[in-house]
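Chemist: here's my sequence, what's the structure:
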Amino acid sequence: MDVLEAIVSRRSIRSFKSDPVPEQLLDQIWEAARWAPSAGNRQAREFVLVTDDQVKRQLCEAARNQRFIEDAPVDIVVCAHEERSAQRYGERGRELYCLQDATASVQNLLLAAHALGLGACWVEAFNEQLVIYTLNLPRGIRPIALIPIGCPAEQPFATSRFKLDDLIYLNRYNVKRKHPWEVYEK
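Modeler: Numbers count the residues shown, from 1 in each chain. Sure thing, here's the model as predicted:
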């Protein structure tokens, strides 16, 4: 599967088979997450692999009782390392760049899981303080995503997307992009 196919065909999976996730597939997912771009190569992200049923249950509770978090064979908690980014970029690194570093890793992780035949879901709706407490995260390590992963037990349909014409502007925000054939007309 090429990267463009993976981007278009990936879906959020919320139902998993009970099959374990093979360690060699997890290793490939870790590599994909590790190679995501980062501001100044600070790599301001860290990951917590959760396999313990009690911890998964607590994460489920912290995430508004989204049961598929508990049901997945593994959960990955993606965290932003605030100080690693702040060392170079100050407050902007602490408040923004570390989040961007972590979310770039999330996207790579999701695409790798899909390309390897696994299902995953990006969960952002959770009580951050409960996740910090559950995982015993130190100050400056901020959880930004819970990613349940496993063999998919469903095949969701594609959701709708905005039209490109509604998303793209030319040179300034208030100028709508023209179609390529209109931009180059003389």
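Chemist: neighbours of residue 48, just the number please.
Modeler: 19 (other CB atoms under 10 Å). C-betas here are computed from N, CA, C, even on glycine.
Chemist: I figured it was touching residue 56, is that so?
Modeler: No - here residue 48 lies out of contact with residue 56, judged by CB atoms under 8 Å, at a distance of 11.5 Å.
Chemist: got the CA coordinates for the longest strand along the chain in CSV?
Modeler: Secondary structure of the chain per DSSP state E: the longest strand is strand 141-150. Only the C-alpha atoms of strand 141-150 are listed here, as CSV (Å, rounded to 0.1, in the frame of the first residue of the first chain):
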residue,chain,number,x,y,z
ILE,A,141,4.9,15.3,30.0
ARG,A,142,1.4,16.0,28.6
PRO,A,143,-0.9,13.3,27.2
ILE,A,144,-2.4,14.5,23.9
ALA,A,145,-3.8,11.3,22.3
LEU,A,146,-5.0,7.8,23.3
ILE,A,147,-4.6,5.4,20.4
PRO,A,148,-6.3,2.0,20.8
ILE,A,149,-4.8,-0.5,18.4
GLY,A,150,-5.7,-4.0,17.3
